[in-house]
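In: output the structure for:
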Amino acid sequence: ALSHGRGLVGALLVSAVILLGLLGPLLAPYSPLEQIPGANLLGPSPGHWLGTDAVNRDILSRTLHGIRINLVITFVAVPVGAVVGSLLGLASATWRHTDTVVQRLFDLMLAFPTIILGIALTVILGAGPGTVFLVVVLAEIPVFGRLMRTEALRVRELPYVDSATVVGAGRLWVLRRHLLPNSIDPLLVQLTIAMAVGVFIEGALSFLGLGIAPP
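Out: All right, here's what the predicted structure looks like:
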């Protein structure tokens with residue numbers, strides 16, 4: 001639970017990082033691109049809490065601004081991938097003629113490791129936030145699609161779904177009232193994990209020079 005123990009500590013830490021990202025431009029003591037005269041590779045000090053880099057830029061200011069990019073990737077790209085993947089998974093579980101096609105599509109997407117996928121898309125589209133966004137979306141689609149399909153197939157076999165079908169409920173009504181609401185809990189858990197994975201993907205691609213380009 002988020003109201004006590006480790007859940008509360010984690011929620012507070014995540015909230016603090018989000019708040020720092022949102023208020024970054026107000027809290028940053030310098031511009032992230034400003035080259036401060038005489039401040040070459042300084043260590044932590046009252047004037048520069050995290051020190052400075054090799055071209056005299058304040059690391060704290062750059063970190064606060066960099067959090068905002070991670071927030072965009074986390075809170076936009078991951079949900080987009082989750083929604084698209086969940087809809088495909090739901091279609092796969094509901095309409096048999098789409099199942100094989102969707103599952104083979106997921107197999108194809110999972111065949112490419114995320115970093116290899118990022119390299120391939122960078123060659124085609126070039127490095128930048130848009131490429132990172134697309135990589136994260138494509139990485140999450142098969143994960144949420146497979147999970148949604150599994151949950152939908154499980155719920156579909158429960159007695160109350162059979163009862164609804166017997167009394168004449170249509171497929172879309174069963175989908176809206178039973179399959180989707182009762183399959184959502186595992187997806188929410190996966191969403192929290194996927195957001196952390198999205199940050200790692202963005203960091204890894206940027207470290208390799210395939211993500212957010214300097215400065």
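In: now do the closest residue in space to Ile141 that isn't next to it in sequence: how many residues are near it, please.
Out: In space, and not counting its chain neighbours, Ile141 is closest to Gly85: 3.9 Å by C-beta to C-beta, 6 or more residues apart in numbering. Yep, even glycine has a C-beta here, placed from its N, CA and C like the rest. Close neighbours of Gly85, defined as other C-beta atoms under 10 Å, add up to 29.
In: in terms of helices and strands, where is Gly85?
Out: Using DSSP states H and E, Gly85 falls within helix 78-94.
In: can you show me the CA trace of that helix as CSV?
Out: Extracted in CSV, the C-alpha atoms of helix 78-94 (Å, rounded to 0.1, in the frame of the first residue of the first chain):
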residue,chain,number,x,y,z
VAL,A,78,4.7,4.2,-22.0
PRO,A,79,0.9,4.8,-21.7
VAL,A,80,0.7,5.0,-25.5
GLY,A,81,2.4,1.6,-25.8
ALA,A,82,0.2,0.2,-23.1
VAL,A,83,-3.0,1.4,-24.7
VAL,A,84,-2.0,0.2,-28.2
GLY,A,85,-0.7,-3.2,-26.9
SER,A,86,-3.8,-3.7,-24.7
LEU,A,87,-6.2,-3.0,-27.6
LEU,A,88,-4.3,-5.5,-29.8
GLY,A,89,-4.3,-8.1,-27.1
LEU,A,90,-8.0,-7.6,-26.5
ALA,A,91,-8.7,-8.0,-30.2
SER,A,92,-6.6,-11.1,-30.3
ALA,A,93,-8.5,-12.7,-27.4
THR,A,94,-11.9,-11.7,-28.7
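In: what packs against it?
Out: helix 96-110, helix 129-156, helix 184-207 (3 or more C-beta pairs under 8 Å, 6 or more residues apart in numbering; DSSP states H and E).
In: which one of the ones you listed is the most hemmed in?
Out: helix 129-156 (a mean of 21; mean count of other C-beta atoms under 10 Å).
In: relative to helix 129-156, how tilted is the helix or strand that it is followed by?
Out: Later in the chain than helix 129-156, the nearest helix or strand by DSSP H and E is helix 159-166. Using axes from the mean of the first three to the mean of the last three C-alpha atoms, to 10 degrees, the direction of helix 159-166 lies 80 degrees away from that of helix 129-156.
In: buried ones in helix 159-166?
Out: For helix 159-166, burial by neighbour count (16 or more other C-beta atoms under 10 Å) applies to Val161.
In: for it, name the packing helices and strands.
Out: Identification of packing neighbours for helix 159-166 by 3+ C-beta pairs under 8 Å, 6+ apart yields helix 171-174.
In: identify the residues contacting the helix it packs on?
Out: Thr94, Val161, Ala164, Thr165 (C-beta atoms under 8 Å, 6 or more residues apart in numbering).
In: just the CA trace of that helix, in CSV.
Out: C-alpha atoms of helix 171-174 as CSV (Å, rounded to 0.1, in the frame of the first residue of the first chain):
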residue,chain,number,x,y,z
ARG,A,171,-19.8,-9.7,-27.8
LEU,A,172,-19.1,-6.0,-27.5
TRP,A,173,-21.3,-5.7,-24.4
VAL,A,174,-19.4,-8.6,-22.7
